[in-house]
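Chemist: I would like the atomic coordinates for the input below:
(2 chains)
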Protein chains: 2
Amino acid sequence: MNDIKIEEDSAGLSDVPGFVSAGVACDVRGTGDGRLDLALIASKEPCAAAGVFTRNVVKAAPVLLCAELLERGGGDGIRAILANSGNANACTGPAGMADAKEMARLTEKAIGAPPGSVLVCSTGRIGRPLPMERIENGIRAVALQATEGAGSGNDASRAILTSDTRPKTVTVRFEYEGRVFTVAGMAKGAGMIEPNMATMLAFLGTDLKVPATLLRDALDRTVPGSYNAITVDGDMSTNDTVLFLSSGKSGVSLSGTGDELHRRFLEAVRLVNERLAEKIVSDGEKITKVVELQITGAPNEKEAEKVAREIGNSLLVKSSWYGEDPNWGRLASSAGASGAVFDPDALDIFYNDVPALQGGDPCPDNVAAWKAIVREKRFTIRINLHAGEGTFRMLATDLSEAYVAFNRTE
Amino acid sequence: MNDIKIEEDSAGLSDVPGFVSAGVACDVRGTGDGRLDLALIASKEPCAAAGVFTRNVVKAAPVLLCAELLERGGGDGIRAILANSGNANACTGPAGMADAKEMARLTEKAIGAPPGSVLVCSTGRIGRPLPMERIENGIRAVALQATEGAGSGNDASRAILTSDTRPKTVTVRFEYEGRVFTVAGMAKGAGMIEPNMATMLAFLGTDLKVPATLLRDALDRTVPGSYNAITVDGDMSTNDTVLFLSSGKSGVSLSGTGDELHRRFLEAVRLVNERLAEKIVSDGEKITKVVELQITGAPNEKEAEKVAREIGNSLLVKSSWYGEDPNWGRLASSAGASGAVFDPDALDIFYNDVPALQGGDPCPDNVAAWKAIVREKRFTIRINLHAGEGTFRMLATDLSEAYVAFNRTE
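Modeler: All right, here's what the predicted structure looks like:
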C-alpha cells in the first residue's frame, strides 16, 4: 500500500480494529418515521479517550457529563460512545443531567461495562426533555446489534444526523515498519456551524495504542485548522463535541512525540479531521457553494482569522455568493470591518488567481473572469493585506433563501 | 408649547433656522430613472461642525476627506453638506479622492463659499467611479434650488436614500427661558447596518450656537445608544457618517456643559438620534419585525453588549423571528456563544413579560403566550444573566428570504 491511504464515505469507526458500531431507530423525535437516531460505538477492551468541547457557556448536559468523566478518569477505561440525534438535551435543567447519566448507566448495563465507562452525546432541538422510555428501548437494541456484530458503521454514521443530507465518514490507513494502522471518523454538522465547533459531533477511533494525553494533543493540533476553520452560519452550539478513542487493538504503542510513528499518526488525524470538516461545510444547511478563504499578509494569524470570519459570516457577502455576483466591494468592506489593522491602499483581492483589487485599485477589466469563477460550486478568494506574515484558511458557504425558510421554524 | 416637542417625518434640516436644503436628480446610477440622488444642506453663515465616522479600516474617499477637513479647520467655517446616493465612492483609489475633492470644490463655487467649507458624503455601490459630469450638473441644480429657497427638506431627505423605502427625518424643539430652539435631523440606512454605524448617513442641525467641541461631545454621548445600538445584518460599511452643524442663527450660545440649557440640548440631540436610529432599523432591508433586546445582569455593559450583538446577529435567531417561532433555545445558545461570562443555571429569558426560561429551567406552560408575542411586529426579549449590573439595549431585526434574494446581486 501507499504510505497513507484515504477512504472517503467509509464504514467509519467500524473500520478500526477493536471497535464495533451500530445505529437504530428509537423515535427520539416522536414522529414515528423510523429514522435512525441512536448510535453506539463500542470496544470490548477499555480505551484511552480524549475530547474537545464547545466553548459555549451554555453547555448541554451530555457535554458537561463527558468532560467530567474524561477529567475524572484521566481519559482511561472508556468502553463506548452513545449518541442520539433529534434532541440536544440542552437547557433542560437538572432533569436533563439526570437523563444523560441514565443514558450512560443503561448503556453500561447493556454492554456489560463498568460505571463511568460510557460517553454520551446528544444533538438536535434545545430545551425539550428526552423521551427516556423510547431511548431505553433504543439502547437495548443498539447494544445488542453492536455486541453481536450485526450493526454497521454506516448505520451509526446515519443515526447522528440532524439536518445533514448525507452521512460523513472517512478512514485513513498508514503504514509504519510493515504494519498498517487505522484512524477513522464520523461526523455530523449542518446548522449552527461556526465559531469553535457548532452543532457538530465528530467521533474518531484508532487501533494504535495512544495514551489519552497524546490523543488530546492530536486533537489540539488539528481541530483549529479543521472544525474551527469552517463556517456555515456563524452560530456556535451548545453541544459541539469531538471524541477520540484508542482501542490499542494493534498492540503497537505510541509512547512519545516527535518520532516517525507520531508524525504519521498526526498526519492521519489531521487528514481525518480536515476531510470531515470539509464534508460538514459542504453539507451545510441549504448551501449552494463552498468558498475557500485564504487570508495572507495579516499582522498575525489572529488578525488573518478575524478577516476570514468577518467575510465568511457577512450576510451581504454570503448573499452575493449565492447570487453569483463577484461583489469584491463587500469583501473589502468586510475585511475593513473585521478590526484587523492594514492599509486599504495596499489591499489585494483575488478570485482564484484573477485580481479584483490590487494595491487598493480596482481591476475592472477582469470582470468577465470573476463572473465565471463565482459561478463555480467551489472557488477560492485570496486576500493579501500586505501588513505582515499572518495567514488563515477557512471554508465558508453562501446563504440561500432556502436557509432562512428552513430555519423559520424547527 | 411643551418643554420638548417631537415632530416625526418633518422637513428635516429645513426646519432649523439658518439652513436651507434641497434634493435633485442627477442620474448618479446611470439608469435615467429620474430618482432624487443629490442632496445639499447649506447655511449662509459659517457653521460649527462635528462628525463621527465609520470605524471600518476601509473608508470611502469622502469619509477621509470629511474627517480631514473637520480636523484641519477645528470644525469651524463649514457652509454645507453635499451628499449623493447611488455610488459610495469607496475602493476607488486616488481617482476617488480626487472626485470627492472636486465635488467639494464645485459646491463651494456654486454656493459662493470659500475653499474647505463643504463636507461631502457618498453612499451606494462600492468600487465604481463617480459619473462626475452628471454630478457637476447636479451640483449646479441643487445649489440653485437651495440658495433660491426653492428646495425642500423632504427632497433632500429622499435624495440620500439607497435601498431605504422611506425618508427619515425628525425635528425636536425645546424651550429655554422663553426662547424656542431646534435640533433636527435626517438619515438613511437599510443594509450594512450594524457595528458602529453601517451604511448609514445622518445629518443634524441646530440653531443654538454650539461650539464644535460641544457638538462632538453631544454626538459622543448619544451615538452609542442610538446608531450603534441597532443591527439589521451585522455588516459595517465603508461610508458611515454622522454630521452635526450649528448655524447659531438663534443668537443664543451654549458655552459650557452641565447647565440647564446644555441638559435640554443634549436631550434634544439624544431624541433626534434615537428616533432616526429607530427609523433606520424599522426600515431595514426586507425586514418584517423589530425586536428590542434588553440585556441585564451582565458583569458589565461590554458583556451585556456582546450578548445583545450575538443574539441580534444570529442567523438562526433572526430566521426564527421571521418564522414567528418562539425558539428561546437559540437565544440561550447565542447568549452562551457570545463570550459573556454567566452561570447558565441562573439564566432568565422573557418574551415581553412572559418567562420562557427561569433560573435555567424552561417554562413550557407559557408556550401559547410566547407564540402570541412573537407574532407582533415589534416585541421585546429580556435576558437577565444574573451576573452583575451591566445592561445593554439594542434594536434588531429578523432575516427574511427576501433579504437574501434582494442582496444576491446589486
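Chemist: for the stretch 101-250 of chain A, which spans come out with low pLDDT?
Modeler: By pLDDT under 70, the weakly predicted segments of the stretch 101-250 of chain A are A:190-198, A:233-237.
Chemist: let's see it at 50
Modeler: A:193-198 (pLDDT under 50).
Chemist: now the residue in it that chain B sits nearest to, nearest residue through space, not along the chain?
Modeler: Relative to chain B, the nearest point of the stretch 101-250 of chain A is A:Ile126 (2.8 Å; C-beta to the nearest C-beta). To be clear about C-beta, it is placed using only N, CA and C from the backbone, and glycine gets the same treatment. Using C-beta to C-beta, 6 or more residues apart in numbering or on different chains and skipping residues adjacent in sequence, the residue nearest A:Ile126 is B:Gly329, 2.8 Å away.
Chemist: likewise A:Lys377?
Modeler: A:Lys289 (5.8 Å).
Chemist: Report the contact partners of that neighbour.
Modeler: A:321-322, A:376-379, A:397-398 (C-beta atoms under 8 Å, 6 or more residues apart in numbering or on different chains).
Chemist: Near the residue lying closest to A:Leu64 once chain neighbours are set aside, how many residues? Count them for me, please.
Modeler: Setting aside the residues directly before and after it, A:Leu64 is nearest to A:Met97 in space (C-beta to C-beta, 6+ apart), at 7.0 Å. Neighbourhood size, A:Met97 [other C-beta atoms under 10 Å in any protein chain shown]: 16.
Chemist: for A:Met97, helix, strand, or coil?
Modeler: helix (DSSP: H, G, I helix; E, B strand; the rest coil).
Chemist: Who are the contact partners of it?
Modeler: Taking C-beta under 8 Å, 6+ apart as the test, what A:Met97 contacts is A:61, A:64-65.
Chemist: Could you measure from the spatially most distant residue from the centre of chain A over to A:Asp325?
Modeler: What lies farthest from the middle of chain A is A:Asp365; by C-alpha atoms, centre = their mean that is 40.1 Å. The gap separating A:Asp365 from A:Asp325 is 18 Å, by C-beta to C-beta, to the nearest Å.
Chemist: With secondary structure as extra columns, can I get the contacts of A:Lys289 in CSV?
Modeler: Shown next, in CSV, are those (three-state DSSP):
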residue, secondary structure
A:Trp321, helix
A:Tyr322, helix
A:Glu376, coil
A:Lys377, coil
A:Arg378, strand
A:Phe379, strand
A:Thr397, strand
A:Asp398, coil
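Chemist: A:Ala48: which of those residues is nearest?
Modeler: For those, the minimum distance to A:Ala48 (C-beta to C-beta) is 35.0 Å, reached by A:Thr397.
Chemist: Pull out the buried residues from the contacts of A:Met97.
Modeler: The neighbour count (16 or more other C-beta atoms under 10 Å in any protein chain shown) marks A:61, A:65 as buried among the contacts of A:Met97.
Chemist: Just the CA coordinates for stretch A:298-310, please, in CSV.
Modeler: Once non-C-alpha atoms are left out, stretch A:298-310 reads as follows in CSV (Å, rounded to 0.1, in the frame of the first residue of the first chain):
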residue,chain,number,x,y,z
ALA,A,298,-2.0,39.9,8.1
PRO,A,299,-0.1,41.3,11.1
ASN,A,300,-0.5,37.8,12.7
GLU,A,301,-2.7,34.7,12.4
LYS,A,302,-5.3,36.1,14.8
GLU,A,303,-5.9,39.1,12.6
ALA,A,304,-6.0,36.9,9.5
GLU,A,305,-8.6,34.8,11.2
LYS,A,306,-10.7,37.9,12.1
VAL,A,307,-10.7,38.9,8.4
ALA,A,308,-11.7,35.4,7.3
ARG,A,309,-14.5,35.1,9.9
GLU,A,310,-15.9,38.6,9.1
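Chemist: Touching that stretch from outside, list them.
Modeler: A:194-195, A:229, A:231, A:234, A:293, A:295-296, A:334-335, A:337-342, A:383, A:385, A:387-394, A:396.
Chemist: Likewise for stretch A:131-142?
Modeler: By C-beta under 8 Å, 6+ apart, the list of residues contacting stretch A:131-142 reads A:22-28, A:30, A:37-40, A:82, A:84, A:87, A:99, A:102-103, A:106-107, A:110, A:151.
Chemist: Of these, just the buried ones, ChimeraX syntax please.
Modeler: Those of those that count as buried under 16+ other C-beta under 10 Å are selected in ChimeraX with:
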select /A:22,23,24,25,26,27,28,37,38,39,40,82,84,87,99,102,103,106,107,110,151
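Chemist: out of the contacts of stretch A:131-142, which are inside strands?
Modeler: If you go by DSSP state E, the contacts of stretch A:131-142 have A:22-24, A:38-40, A:82, A:84 in strands.
Chemist: Return the closest of the residues you listed with respect to chain B.
Modeler: A:Asn84 (16.4 Å).
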